[in-house]
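**Q** quick one, fold the following:
(one chain, ligands or ions: 2)
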Amino acid sequence: MVAQCFSESDASAEHTMMHYNPAIADYRAQAPEVQARFERIRQRPVILSVRDLQKCYATDEGTHVVFENVSLDIHRREFITVIGPSGCGKSTFLRIIAGLDDATSGEVLLDGKPVSGPGPDRGMVFQGYTLFPWLTVRRNVMFGLEMAGKGASTAESEAREWLAMVGLEKFENAYPHELSGGMKQRVAIARALAAEPRILIMDEPFGALDAITRCKMQSHLLQIWKKVDVTILFITHDLDEAVYLSDRILVMGTNPGRVVEFIENRVQRPRSVQQILSPEFLAVKHRLDELIHPVIAIGDEEKLPMVKMTAANDEIE
Ligand SMILES: Nc1ncnc2c1ncn2[C@@H]1O[C@H](COP(=O)(O)OP(=O)(O)O)[C@@H](O)[C@H]1O
Ligand SMILES: [Mg+2]
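**A** Ligands and ions are numbered 1, 2, ... in the order given. This next block holds a predicted model:
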């Protein structure tokens, strides 16, 4: 089948993006090594279990269901990305897992035990920079360790180790305002990991970074994850980021929020930026695009009024 040309009269829901990409590979087809890797992951213990989770808010118009019927199991050291349109409940979902918010019904089990509040077994990194501006980089990382009851010298040496892990040992005496956005997020990751959480929960942590820094941070995070015994739950709205980082991608839909698909990412590890244009990468990204972007039939796009602001005869298509 070759790419087709559409006229405006062809507009119909059938003419989705699929028709423009007839050669896209099957996003479910896994190479034997990828299949074997998922086999191994499935044999690891379940670290996080979510059972029929629902979150509602009372509003003046009645009950607003943020999301419902969310059930999933995540295995130890999996890297899970969560993607979905704005407002589908991604942050609320992660806040409930973090114990910062309560579910309306259902339950979250961490290592088989119900979650009923925040705890050191879950570390958080948010999009906004959350370092204490009055503390040096080292003291920011030490803070949680001292709060957990470690003595100053233990906290100091452990903080140095975590800063070395994220490549910032030379900046231990700097203050947050002296760091770039990417470096601040590396400190935030070091601070979260220093408490040795079972799960690292990251809510669009690279959302405020420029595209190049973001790419570097993704690669840093994969390197860090490889060295640390931690499971990662990572929210993003960036399709490339979701595919580049994850083992599985939880795709959420909206109105009400729900799980649309939980995709096993067929892209091989170790990951590299060269894979971004590979058929496997594009197949998964294309599937995400289909699920997340509304289907706009050709010719159905909103037409703006024809008000001409140029005098010259210089029409563009
Ligand atoms: N405290 C609250 N009271 C009422 N509605 C809320 C509250 N917090 C979040 N919501 C609603 O829950 C929905 C999901 O929000 P959120 O989890 O932030 O979505 P996402 O992170 O996917 O963009 C939104 O419609 C939001 O308005
Ligand atoms: Mg959010």
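**Q** looks like residue 252 contacts residue 86 (just checking).
**A** No - with contact taken as Cβ atoms under 8 Å, residue 252 and residue 86 are classed as non-touching, separated by 10.7 Å. The C-beta positions use only the backbone N, C-alpha and C, and glycine is treated the same way.
**Q** buried set for stretch 172-179?
**A** For stretch 172-179, the buried set under the neighbour-count rule, 16 or more other Cβ atoms under 10 Å, comprises 172, 175-176, 179.
**Q** next, name the residue at the spatial heart of this protein.
**A** In the chain, the C-alpha closest to the average C-alpha coordinate belongs to residue 235, at a distance of 2.7 Å (Cα atoms, centre = their mean).
**Q** list the contacts for the residue of the stretch 101-250 of the chain found nearest ligand 1?
**A** The nearest approach of the stretch 101-250 of the chain to ligand 1 comes at residue 235, 6.8 Å away (Cβ to the nearest ligand atom). For residue 235, the contacting residues are 81-83, 90-91, 94, 202-204, by Cβ atoms under 8 Å, 6 or more residues apart in numbering.
**Q** next one: phi and psi at it?
**A** phi -90, psi 140 (degrees, to the nearest 10).
**Q** where are the low-confidence patches of the chain?
**A** Confidence mapping of the chain against pLDDT under 70 gives the ranges 1-22, 294-301, 312, 314-315, 317.
**Q** all strands for the stretch 101-250 of the chain, in order.
**A** Using DSSP state E, counting those that start in this stretch, the strands of the stretch 101-250 of the chain run over 105-110, 113-114, 122-126, 199-203, 231-235, 248-253.
**Q** tabulate those in CSV, adding columns for distance to residue 164.
**A** Putting the strands of the stretch 101-250 of the chain into CSV (distance: least, Cβ to Cβ, whole Å) gives the following:
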stretch, distance to residue 164
strand 105-110, 28
strand 113-114, 33
strand 122-126, 18
strand 199-203, 18
strand 231-235, 20
strand 248-253, 30
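**Q** so residue 41 sits right up against residue 74, yeah?
**A** No - the criterion here is Cβ under 8 Å, and residue 41 misses it with residue 74 at 9.7 Å.
**Q** of those two, who's got more company?
**A** Each of residue 41 and residue 74 had its neighbours counted (other Cβ atoms under 10 Å), and the higher figure belongs to residue 74 (25 against 16).
**Q** who does the more buried one bridge with?
**A** Note on residue 74: beta-bridge partners by DSSP bridges are residue 48.
**Q** so who does it touch?
**A** Taking Cβ under 8 Å, 6+ apart as the test, what residue 74 contacts is 46-49, 80, 231, 233.
**Q** for those residues, which one is nearest residue 282?
**A** Distances from residue 282 to the contacts of residue 74, taken as Cβ to Cβ, are shortest for residue 80 (21.2 Å).
**Q** if I look at that closest one, how far off is residue 61?
**A** Separation of residue 80 from residue 61 (Cβ to Cβ, to the nearest Å) stands at 33 Å.
**Q** neighbour count winner among the two?
**A** residue 80 (23 against 6).
**Q** surely the more buried one is in contact with residue 245?
**A** No - taking Cβ under 8 Å as the contact criterion, residue 80 and residue 245 are not neighbours in contact, 9.3 Å apart.
**Q** overlap in contacts of those two?
**A** With the criterion set as Cβ under 8 Å, 6+ apart, the overlap between the contacts of residue 80 and residue 245 is 232, 234.
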